[in-house]
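Asks: based on what follows, work out the 3D shape:
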Amino acid sequence: MATKVVFLDAATLADTDLSPLHLADVSLTLYPSTSAEQLLHHASGAQVLISNKVALDAKAIAALPELRCILVAATGVNMVDLAAAKAAGIIVCNAQGYAGTAVPQQVFALLLQLTNHIQTYHQAVQQGAWSQSQQFCVHLQPIEELAGKTMTVLGYGDLGQATARLAEAFGMRVLVAERPDAKEIRTGRTSFEDALRRADVLSLHCPLTENTAQLINTKTLSFMKPKALLINTARGGLIDEVALAEALLKGTLAGAALDVLSTEPPAADHPLLQSAIPNLIITPHVAWASRQAMQRLVVQLAENLQAFLAQQPIRQV
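Replies: Numbers count the residues shown, from 1 in each chain. You can find the predicted model right below:
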């Protein structure tokens with residue numbers, strides 16, 4: 001009998017080629033999305049579930065007795081109750097390293113928008129400002145060079161390291177922040193507070209855990225220079241979003257660019273979606289989603305599925 005595999009939120013991969021998942025002896029069902037109310041119906045009878053962001057908590061896991069494997073279509077696995085899965089004998093595997101070039105590229109796309117104001121100048125040209133100019137150029141917002149500035153990287157895994165390499169290519173100095181609760185400073189690291197105080201740009205790359213939730217808050221934002229910039233392509237919950245909005249409105253932080261928010265999709269009245277906040281750029285959690293990265297992700301999902309079927313799981317959490 002074919003193994004029943006259900007992808008709960010396949011639309012998160014847009015128009016990526018999912019054919020690698022169509023394996024022999026596998027019955028694959030693709031749902032564009034799955035709400036909490038639809039979960040048990042969509043997942044019923046499945047031995048393998050693929051989920052990007054559909055939550056699989058202890059209650060859901062207990063209600064799916066045939067489930068044997070969860071393949072997370074991402075690196076972060078906080079949407080799975082890992083303790084409940086382990087207790088039920090369910091294997092959980094994730095994807096790793098697939099967005100290693102996409103995310104750092106987005107970091108600099110966001111950062112360059114803050115420093116070079118490309119969209120602002122483009123819109124000014126469209127609105128006739130250049131055609132009406134008395135001189136050959138139009139000066140609007142000041143443009144800042146990255147060379148010579150200091151980037152602090154918070155979280156120094158693959159993505160943090162790749163971002164640091166790009167920063168160095170732009171002529172930036174790189175500081176690697178130590179954990180805020182560290183008892184000693186590791187070689188090559190800078191104390192958390194000092195790293196934030198010295199940062200012209202702070203780029204977040206750490207996972208969201210109990211220890212890192214709202215790590216960027218009123219107190220830690222107060223460490224930063226008024227002219228500093230904050231970039232977050234990791235997890236929205238790393239930031240106290242009300243505190244960030246206040247810092248931008250008061251001008252105690254020069255700008256921020258975010259690809260993630262604490263709730264996704266955000267409510268229309270989210271504190272960072274107010275039009276009055278200056279120098280704030282938000283993209284809808286797409287740093288990971290280059291065409292190439294999404295295809296690498298599908299390949300890894302297929303590899304994880306094949307390995308599970310062969311009873312030799314890989315990338316197991």
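
Asks: mind checking the SS state of the residue of the chain most remote from its centre?
Replies: No residue in the chain sits farther from the centre than Gln134, which is 43.7 Å out by CA atoms, centre = their mean. Here Gln134 is recorded as coil under DSSP: H, G, I helix; E, B strand; the rest coil.

Asks: need phi/psi at it.
Replies: phi -80, psi -10 (degrees, to the nearest 10).

Asks: do the same with Leu82
Replies: Main-chain torsions, Leu82, degrees, to the nearest 10: phi -70, psi -30.

Asks: give me the pLDDT for it.
Replies: pLDDT, Leu82: 97.

Asks: cool, Asp181 as well?
Replies: pLDDT, Asp181: 89.

Asks: measure the nearest residue in space to Ala63 that is not next to it in sequence to Ala177 for me?
Replies: Leaving aside its sequence neighbours, Ala63 sits nearest to Leu40 (CB to CB, 6 or more residues apart in numbering; 5.6 Å). Where C-beta positions appear, they are placed from N, C-alpha and C, glycine not excepted. Relative to Ala177, Leu40 is positioned 43 Å away (CB to CB, to the nearest Å).

Asks: cool, Ala88 as well?
Replies: Relative to Ala177, Ala88 is positioned 38 Å away (CB to CB).

Asks: same question, Lys4
Replies: Relative to Ala177, Lys4 is positioned 45 Å away (CB to CB).

Asks: dump the residue contacts of Gln306.
Replies: Leu23 (CB atoms under 8 Å, 6 or more residues apart in numbering).

Asks: which SSE is Lys59 in?
Replies: helix 58-62 (DSSP states H and E).

Asks: check Ala84 too.
Replies: Ala84 is part of helix 82-87 when elements are defined by DSSP H and E.

Asks: Leu202 too?
Replies: Assigned by DSSP H and E, Leu202 belongs to strand 201-204.

Asks: which residues does that strand contact?
Replies: With CB under 8 Å, 6+ apart as the criterion, strand 201-204 contacts 107, 111, 146, 149-155, 160, 163, 167, 172, 196, 216, 224, 228-234, 238-239.

Asks: please work out the average pLDDT along whichever helix or strand comes after that strand.
Replies: Next in sequence after strand 201-204, counting helices and strands by DSSP H and E, comes helix 218-222. Mean pLDDT, helix 218-222: 98.

Asks: closest to the centroid, which residue in the protein?
Replies: The chain, centroid-nearest residue using CA atoms, centre = their mean: Ala234 at 3.7 Å.

Asks: list the contacts of that one.
Replies: Ala234 touches 155, 159, 204-208, 260, counting by CB under 8 Å, 6+ apart.

Asks: in stretch 137-148, what's buried?
Replies: By neighbour count on 16 or more other CB atoms under 10 Å, the buried set for stretch 137-148 is 144, 146.

Asks: likewise stretch 198-208?
Replies: Going by 16+ other CB under 10 Å, stretch 198-208 has these buried residues: 198-206, 208.

Asks: which member of the residues you listed is positioned nearest Ala24?
Replies: Using CB to CB, Leu208 comes nearest to Ala24 of the buried residues of stretch 198-208, at 37.6 Å.

Asks: quick revisit: just the element for the residue nearest to the centre of the chain, please.
Replies: Here Ala234 is assigned to no helix or strand, by DSSP H and E.

Asks: and the pLDDT at it?
Replies: Value listed for Ala234 in the pLDDT field: 96.

Asks: go ahead and confirm Val48 touches Ala2.
Replies: No - using CB atoms under 8 Å as the test, Val48 is too far from Ala2 to be in contact (11.0 Å).

Asks: higher neighbour count, these two?
Replies: Higher neighbour count among Val48 and Ala2: Val48, with 25 against 11, using other CB atoms under 10 Å.
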